[in-house]
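1. from the sequence below, what's the structure:
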Amino acid sequence: MREFSYGTLVASILLVTAFGYMLITLFGKIIPDVMMSFFKGAEEFIVLGFVFIFVLAWMRKAMPKKHAGRYELVVFDVFGNMTHIDGIRTTFSTNAVATSFARQYKQSYPMHNFAVVTDIKEARRTIVQYV
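-> Below you'll find the model as predicted:
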């Protein structure tokens, strides 16, 4: 068994105290000072970044939307084939009017279905609403 030595005890206490002091200095002073100096210089950039993102979002929301110029009614029979009914209006300038006419025609012609499509190009016609 070893003998108890006061020198070893004092050295251990000094070592633990020095290590604790280094940790307190590192986490209590050095790291917070570095972080504060970084954020003091970066706070303007962070605020400007948020302002820039807000302005981009606002401009995108306020940007006018491009809508189709004309809407057209396409008539389908009970078998799903495109057909034509004489005497009905098929071209419109707004979606709301085209949908309203499609609902009215659906009541008048219950054996037919009506689709409101955009009339951008013949190859890329898009069905907006199916009544």
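2. most centrally placed residue in this protein?
-> The centre of the chain sits closest to A57, judged by CA atoms, centre = their mean, with a distance of 10.3 Å.
3. what residues are up against it?
-> Neighbour list for A57: empty [criterion: CB atoms under 8 Å, 6 or more residues apart in numbering]. (C-beta placed from N, C-alpha, C; glycine too.)
4. and it, that's in a helix?
-> Yes: assessed by DSSP: H, G, I helix; E, B strand; the rest coil, A57 belongs to a helix.
5. now it: how far from V51?
-> 11 Å (CB to CB, to the nearest Å).
6. and the one helix or strand F19 maps to, how far from the chain's centre?
-> Using DSSP states H and E, F19 sits within helix 6-25. Distance of helix 6-25 from the chain centroid (CA atoms, centre = their mean, to the nearest Å) equals 55 Å.
7. quickly note the distance from L26 to I53.
-> Using CB to CB, L26 is found at 36 Å from I53.
8. just F45 next, same as before
-> Taking CB to CB, one finds F45 at 12 Å from I53.
9. do the same with T99
-> Applying CB to CB, the value for T99 to I53 is 37 Å.
10. so for the two, which residue has more residues nearby?
-> More crowded of T99 and I53, by other CB atoms under 10 Å: T99, with 18 against 10.
11. which residues in the protein form strands?
-> Using DSSP state E, the strands of the chain run over residues 71-76, 82-83, 91-92, 113-118, 127-130.
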